[in-house]
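Enquirer: show me the folded form of this:
(2 chains)
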Amino acid sequence: MKPVFMTYTKKDLINLAVCMFLSVLIIPSFITTEYWYTSILIPWLCLALATIGQQIVMGYTGQLALGAAGFMAAGAFAMFNLILRVPDLGFVGSLIVSGLIAAAFGILFGLPSLKVRGIYLMVATLASQFFIIWMIDKFGWFKNYDSSGIITAQDIVILGKPFTTPLAMYFVCLAVTTVLTLLAMNMARGSTGRNWMAVRDMDIAAESMGVSLLRTKVQAFAISAFYCGVAGALFAFCYLKSLEPVAFDIKLSFKILFMCILGGLGTINGAFIGAAFILLFPVLLNAIGNNVFHGAIDATIISSIEQVIFGGLMIIFMIYEPLGMAKLWENLKQKLSLKLQSSNVKNLKSSLSKKS
Amino acid sequence: MEYERKFKIGKPILEVNNISLSFGGVKAITDTSFNVLEHEVRAIIGPNGAGKSSMLNCINGIYKPQQGSVLFRGQVVPNITPNIMAQMGLSRTFQNLALFKRMSVLDNILVGRKLHTKTNFLEVALQLPKVKKEEKLNRDRSEEIISFLEIEDIKDTPVGKLPYGLQKKVELGRALATDSTIILLDEPMAGMNVEEKRDMCRFILKVNDELGTTMVLIEHDMGVVMDISDRVVVLDYGKVIGDGTPDEVRSNQKVIDAYLGVEH
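Expert: Residues are numbered from 1 along each chain as shown, chains lettered A, B, ... in the order given. This next block holds a predicted model:
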């Protein structure tokens, strides 16, 4: 397919238009309950953004990293301190700088990837998770010497206008996510993405083609951490509305890893699909528990069932569809279009036979 | 060669001087020297385990020889790495195929254009005009190589799904995309049938003839080697036992002994 605009084909542009139409016009006019914004749409966008970060380092560059939540914490606390101490930066400026601070941590903790790989790298990157959380807990300065442990996030003010209602915050998240997703797609489809994938698929050959392993891996870690940092800042300011290191524990890192794998490694849209699935599935299970069994099943049992099903799904996907839900979606679309074509052919045939 | 060559064979472009390589106690290469002239087709042959692939890996910088040096255009290359050699204009293919399996044929060949890509990730993310210009140039060159190798119909297929013979072609294409002055081919015809081999020979000679690319190839099939190469170096147990034109090598007693065995 020939690109019609930048690297985008006609189909991509239609997809983009449909997504924007849905998210900017349809959702705000049809969904009025606050619950949907505060508990589903906002965390979905934030976590999808973090999952894109995980995709870049794991799905595209093939480096098993497990510390997304650590970078999110770095981004969130950087944001808090920047707004507190450098108010002139403004919200958007602080968001970018906190992403950059997370990226610096990404470079630091990405360096082991030059020497170790696979499961060993995963263990090495876990250090970021624990180190960043420890650092924030240890030095009071990061929390502005707040003794309560939970700090309230400042209000979001962009160009003098407050964005405090759930709908306004949803739009903030949507705008940031859209821009960063488009940038990620440009990179993934361009020469940058090809270098990442070359390193993933066959590093020795990539090096023989002049791709520097050091630069490519460190770059992927930095960009990934930038995305996680920005996602963490949005997660704290729009969803949690508070800052506590505990919110960014290892469980969140695993959640993002699951989103990445279930969504489909090496796809950008998989990040959104995976995040939606992992967020909505517990909601669905709870609804089933409440409405079908009328609360006869204990909530703790439901959350255990949730874990069992996630684990099972991971195994099933690893065996039957390593490319995840994004691939399933692709296959479904293909089958539908084939069916459509064959039904068109049938119609044509029947109309022809009628004529004769 | 009877026909007039567009690119006359010139001075030595690559020299290997007294290289010794051992893995622990096993000596793979002992004190080996030979050279490659500009624009020639040079073959390295020898029985199994003679150290041919190790030799290529030393030239390319994947292995670090304990002794000896590699000279490129008369100058010693210090701390050789695959990356540095690529930047100097040396590209290669691998014996057991080292393609990017999940990427399409076109993308694989585009990776070969890496050294002709100067834009950084930020410029790519923002899709600045110069990125689009560069991408177009790289794509045009890759399409040229794809049509040169006659693989237009598979250019969007993920490489991992292609049969072996085609994958070998794609690997040659990726090496060509670098516009290198030397290409090292590690058994480009291994596992191919006669027809595919003939095709591959045609491509190798065509590249050498039209672009003047110096070709260094390792091959088992003696017939093929003698037909297409200008000079042949024969390795056995990590040592050079013969070096010269195909005819010279064919009549070399040591080479005949190594290939056919000796009566004691």
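Enquirer: assign a three-state SS to the nearest residue to A:Gly118 once chain neighbours are set aside, would you?
Expert: Leaving aside its chain neighbours, A:Gly118 sits nearest to A:Leu64 (6.0 Å; criterion: CB to CB, 6 or more residues apart in numbering or on different chains). Where you see a C-beta, it was placed from the backbone N, CA and C, and this is true even at glycine. Secondary structure state of A:Leu64, per DSSP: H, G, I helix; E, B strand; the rest coil, is coil.
Enquirer: center of chain B - which residue?
Expert: The centre of chain B sits closest to B:Leu184, judged by CA atoms, centre = their mean, with a distance of 1.6 Å.
Enquirer: that older thread, for the residue nearest to A:Gly118, what are its contacts?
Expert: A:Met58, A:Arg117, A:Gly118, A:Ile119, A:Leu121, A:Met122, A:Thr125 (CB atoms under 8 Å, 6 or more residues apart in numbering or on different chains).
Enquirer: if you set the cut-off to 7 Å instead, what comes out?
Expert: Contact analysis of A:Leu64 by CB atoms under 7 Å, 6 or more residues apart in numbering or on different chains lists A:Met58, A:Gly118, A:Ile119, A:Leu121, A:Met122.
Enquirer: equivalent analysis for B:Leu184, please.
Expert: B:Leu184 makes contacts with B:Leu56, B:Ile59, B:Asn60, B:Leu90, B:Arg92, B:Val216, as judged by CB under 7 Å, 6+ apart.
Enquirer: which of the helices or strands spans it?
Expert: strand B:182-186 (DSSP states H and E).
Enquirer: same question for that strand, mean pLDDT?
Expert: Here strand B:182-186 scores 94 as its mean pLDDT.
Enquirer: make sure A:Ala74 is indeed in a strand.
Expert: No - counting by three-state DSSP, A:Ala74 is not found in a strand; it is helix.
Enquirer: secondary structure element holding the residue lying closest to it once chain neighbours are set aside?
Expert: The shortest distance from A:Ala74 to any non-neighbouring residue, by CB to CB, 6+ apart, is to A:Ala102 (4.5 Å). In the assignment (DSSP H and E), A:Ala102 maps to helix A:90-110.
Enquirer: is any part of the helix or strand where A:Lys354 lies close to chain B?
Expert: Following DSSP H and E, one finds A:Lys354 within helix A:324-355. No - counting by CB under 7 Å from any CB of the partner chain, no contacts exist between helix A:324-355 and chain B, the nearest distance being 11.9 Å.
Enquirer: what's around the residue lying closest to A:Ser208 once chain neighbours are set aside, how many residues?
Expert: The shortest distance from A:Ser208 to any non-neighbouring residue, by CB to CB, 6+ apart, is to B:Pro82 (4.3 Å). By the measure other CB atoms under 10 Å in any protein chain shown, the count of residues near B:Pro82 is 24.
Enquirer: distance check, B:Lys155 against chain A.
Expert: 13 Å (CB to the nearest CB, to the nearest Å).
Enquirer: residues in contact with residue 237?
Expert: Picking chain A for this. So A:Phe237 contacts A:Met79, A:Ala153, A:Ile156 (CB under 7 Å, 6+ apart).
Enquirer: hmm, I had chain B in mind actually
Expert: Contacts for B:Tyr237 (CB under 7 Å, 6+ apart) come out as B:Ala50.
Enquirer: one more time with 10 Å
Expert: By CB atoms under 10 Å, 6 or more residues apart in numbering or on different chains, the contact list for B:Tyr237 reads B:Lys27, B:Ala28, B:Ile29, B:Thr30, B:Gly46, B:Pro47, B:Gly49, B:Ala50, B:Gly51, B:Ala258.
Enquirer: retrieve the pLDDT associated with it.
Expert: Predicted confidence (pLDDT) for B:Tyr237: 89.
Enquirer: do you know how far it is from chain A?
Expert: 26 Å.
Enquirer: just give the nearest non-adjacent residue to the closest residue to chain A within the stretch 151-264 of chain B, would you?
Expert: Residue nearest to chain A within the stretch 151-264 of chain B (CB to the nearest CB): B:Thr178, separated by 6.4 Å. Closest residue to B:Thr178 apart from its sequence neighbours, by CB to CB, 6+ apart: B:Ser91 at 4.3 Å.
Enquirer: sheet partners, orientation included, of the strand holding B:Leu184?
Expert: strand B:90-92 (parallel), strand B:214-218 (parallel) (DSSP bridges).
Enquirer: elements contacting the helix or strand that that strand is followed by?
Expert: Using DSSP H and E, the helix or strand that follows strand B:182-186 in sequence is helix B:194-211. Applying 3 or more CB pairs under 10 Å, 6 or more residues apart in numbering or on different chains; DSSP states H and E, one finds that helix B:194-211 contacts strand B:41-45, helix B:129-148, helix B:164-177, strand B:182-186, strand B:214-218, helix B:222-228.
Enquirer: mind checking these for the one nearest to B:Arg250?
Expert: helix B:222-228 (6.7 Å; CB to CB).
Enquirer: okay, the angle between the helix or strand following that closest one and strand B:214-218?
Expert: Next along the chain after helix B:222-228, taking DSSP H and E as the criterion, comes strand B:231-236. Strand B:231-236 runs at 30 degrees relative to strand B:214-218, counting by axes from the mean of the first three to the mean of the last three CA atoms, to 10 degrees.
Enquirer: measure the closest residue to A:Phe109 other than its chain neighbours to A:Trp134 for me?
Expert: Residue nearest to A:Phe109 in three dimensions, not counting chain neighbours: A:Ser128, with 3.9 Å by CB to CB, 6+ apart. Separation of A:Ser128 from A:Trp134 (CB to CB, to the nearest Å) stands at 11 Å.
Enquirer: can you check which residues contact both of these two?
Expert: A:Gly70.
Enquirer: out of these two, which sits in the busier spot?
Expert: Counted by other CB under 10 Å, A:Ser128 and A:Trp134 do not tie: A:Ser128 has more neighbours, with 29 against 12.
Enquirer: check contacts around the more buried one.
Expert: With CB under 10 Å, 6+ apart, A:Ser128 has these contacts: A:65-71, A:73-74, A:102, A:105-106, A:108-110, A:112, A:221, A:225, A:228, A:253.
Enquirer: show me the domain layout of chain B.
Expert: Domain ranges of chain B: B:1-89+B:180-264, B:102-173, per automatic domain parsing.
Enquirer: mean pLDDT lowest where, among the ones you listed?
Expert: domain B:1-89+B:180-264 - the lowest mean pLDDT of the domains of chain B, at a mean of 89.
Enquirer: just give me the neighbour total for A:Ala69.
Expert: When neighbours are counted by other CB under 10 Å, A:Ala69 comes out with 29.
Enquirer: what strand or helix carries it?
Expert: Going by DSSP H and E, A:Ala69 is part of helix A:68-85.
Enquirer: got the buried residues for that helix?
Expert: Across helix A:68-85, burial judged by 16 or more other CB atoms under 10 Å in any protein chain shown covers A:68-83.
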